[in-house]
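Asks: here are the coordinates; sequence isn't available:
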């Protein structure tokens, strides 16, 4: 489990442990907070294809799926 600070998610970089469609590196391109500073939505953008993927930000904590930074 990785510690992920929701306030620092925007523009953070992530590497998929098991890439699909040659998409390995991602950037958090969009994040939306409510009035209580809780994350409402989060989107990743694949660096190679520019495809936008909506994701639950808690999934980024799973070391079996995501690694912080580009590796």
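Replies: On my side now, so go ahead. Predicted, not measured: the structure shown is a model, and the values here were computed from it.
Asks: C-alpha from now on. contacts and neighbour counts both.
Replies: Fine.
Asks: Grab the longest strand from the chain for me.
Replies: Taking DSSP state E as the criterion, the chain has its longest strand at strand 23-33.
Asks: Name the strands paired with that one and say parallel or antiparallel.
Replies: The sheet places strand 23-33 alongside strand 13-20 (antiparallel), strand 39-46 (antiparallel), with pairing taken from DSSP bridges.
Asks: what does that strand contact?
Replies: By Cα atoms under 8 Å, 6 or more residues apart in numbering, the list of residues contacting strand 23-33 from outside reads 9-18, 39-49, 70.
Asks: chain center to that strand: distance?
Replies: Chain-centre distance of strand 23-33: 4 Å, with Cα atoms, centre = their mean, to the nearest Å.
Asks: Nearest to residue 66, out of the strands paired with strand 23-33?
Replies: Evaluated with Cα to Cα, the strands paired with strand 23-33 place strand 13-20 nearest to residue 66, the distance being 4.9 Å.
Asks: which parts of that closest one are buried?
Replies: If you call a residue buried by 16 or more other Cα atoms under 10 Å, then strand 13-20 has these buried ones: 13-16.
Asks: Stretch 31-40 now?
Replies: Using 16+ other Cα under 10 Å as the burial criterion, the residues of stretch 31-40 that qualify are 31, 39.
Asks: How far off centre is it?
Replies: 15 Å.
Asks: How far does that stretch stretch from one end to the other?
Replies: Counting by Cα to Cα, to the nearest Å, the length from the leading to the trailing residue of stretch 31-40 is 8 Å.
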